[in-house]
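Enquirer: Give me a model of this one.
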Amino acid sequence: MKLHELHDNPGAAPKRKRIGRGPGSGMGKTGGRGIKGQKSRSGVAIKGYEGGQMPLYQRLPKRGFNKPNRKSFAVVNLGLIQKFIDAGKLGTEINETELVDSGLVRRKLDGIRVLAKGEVTSAITLTVSGASKSAIDAVEKAGGSLTVTKPANAVAAE
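Expert: Just a heads-up that it's a prediction; the model follows:
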């Protein structure tokens, strides 16, 4: 097979429908828009409009509350930390910047929270801004320690 012999499977890339190109095209004159009316005109965007009826997004009940200043933590599991230690990407003294530098966590966000999924066998010293109780227990059971610090951008009034 040569480069000039490469082609798509038949029907994989259908021909584009060229609208408004004469009566022979089957999409001439009104171009598939029908006759008259708002939707036949150009520059019309009626996404949530229901023609005078109360729109769906207004009929549905609003529930709950979205906290505008909610903290969002990057989550990491103990099993993954152990995997990175075994691979030699992390040492036994681990803090948030080391987790980011090793590639285990993409970015810190408002801090890193450790969860207890997976096994930890090394005696590690973790310093993070959040951890579940079971994660703290699992690290201490393995002979290490897990320190929870307040996030850097925590409100001083708390």
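Enquirer: is it true that Thr121 touches Ile81?
Expert: No - under the criterion of CB atoms under 8 Å, Thr121 is not in contact with Ile81, lying 10.8 Å apart. Backbone N, C-alpha and C define where each C-beta goes, glycine included.
Enquirer: higher neighbour count, those two?
Expert: Between Thr121 and Ile81, counted using other CB atoms under 10 Å, the more crowded position is Ile81 (24 against 12).
Enquirer: Work out for me the element the more buried one sits within.
Expert: Element membership of Ile81, judged by DSSP states H and E, is helix 78-86.
Enquirer: got the buried residues for that helix?
Expert: 78, 80-82, 84-85 (16 or more other CB atoms under 10 Å).
Enquirer: And stretch 33-52, end to end?
Expert: 22 Å (CA to CA, to the nearest Å).
Enquirer: any idea of the mean pLDDT in it?
Expert: Averaged over stretch 33-52, pLDDT sits at 85.
Enquirer: Same question for that stretch: list its buried residues.
Expert: Arg33.
Enquirer: I would like the residues contacting that stretch, please.
Expert: 30, 55-57 (CB atoms under 8 Å, 6 or more residues apart in numbering).
Enquirer: on that earlier part again, and the helix holding Ile81, average pLDDT?
Expert: 91.
Enquirer: Give the other helices and strands that the helix or strand just after that helix contacts.
Expert: Downstream of helix 78-86, the first helix or strand assigned by DSSP H and E is strand 93-95. Other helices and strands packing on strand 93-95, by 3 or more CB pairs under 8 Å, 6 or more residues apart in numbering; DSSP states H and E, are strand 125-128.
Enquirer: from the chain's centre, how far out does the strand it packs on sit?
Expert: 26 Å (CA atoms, centre = their mean, to the nearest Å).
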